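Colleague: One predicted model, sequence on top.
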Amino acid sequence: MPRAAEILMTGRTVGAEEAERIGLISRKVAGEELMAVAMETARRMIAKSPMGLRLTKEVLSQNIDAPSLELAIEMENKNQSICCFTPEFLNAVMAFRQRKKE
């Protein structure tokens, strides 16, 4: 938070090396690889449950300021319970069972 505040309040430019070092970006790639890496990341995301992704995004956003660990865990438990009753979950369980048989 202190680094983000300093960058935002001063408006200074942050280079790729610093951004990676301070965790502002998850990784850096060469310009010519950017589209391929972005598309692979997108493919991996869309292969997941849309509801699971939505709830994960929600939990990340809300739990950044969670007043306690207990409340953060409670929200995660609620979301996992919701996801267990979706068709995507049942399909994932069946696919996992099939892989174990092979």
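Modeller: Structure received.
Colleague: what residues does the helix or strand of the chain with the lowest mean pLDDT touch?
Modeller: Each helix and strand of the chain was given a mean pLDDT (mean pLDDT, DSSP states H and E); the minimum falls on helix 87-101 at a mean of 82. Helix 87-101 has contacts (C-beta atoms under 8 Å, 6 or more residues apart in numbering) with Ser49, Pro50, Met51, Gly52, Cys83. For glycine as for every other residue, the C-beta is placed from the backbone atoms N, C-alpha and C.
Colleague: what's the distance between the nearest residue to the first one once chain neighbours are set aside and Arg43?
Modeller: If I follow you right, that is Ser49. Among residues not flanking Ser49 along the chain, Glu88 sits closest, at 3.9 Å (C-beta to C-beta, 6 or more residues apart in numbering). In this structure, Glu88 and Arg43 are 17 Å apart, going by C-beta to C-beta, to the nearest Å.
Colleague: what's the answer for Leu24, then?
Modeller: Taking C-beta to C-beta, one finds Leu24 at 24 Å from Arg43.
Colleague: ditto for Arg97
Modeller: In this view, Arg97 and Arg43 are 24 Å apart by C-beta to C-beta.
Colleague: Any stretches of this protein with poor pLDDT?
Modeller: 102 (pLDDT under 70).
Colleague: domain assignment for it?
Modeller: Here the domain parsing of the chain from automatic domain parsing is 1-47, 48-102.
Colleague: Any chance of JSON lines for these, columns mean neighbour count?
Modeller: As requested, the domains of the chain are arranged in JSON lines below (neighbours: other C-beta atoms under 10 Å):
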{"stretch": "domain 1-47", "mean neighbour count": "10"}
{"stretch": "domain 48-102", "mean neighbour count": "12"}
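Colleague: And the strands in this structure?
Modeller: Counting by DSSP state E, one finds no strands in the chain.
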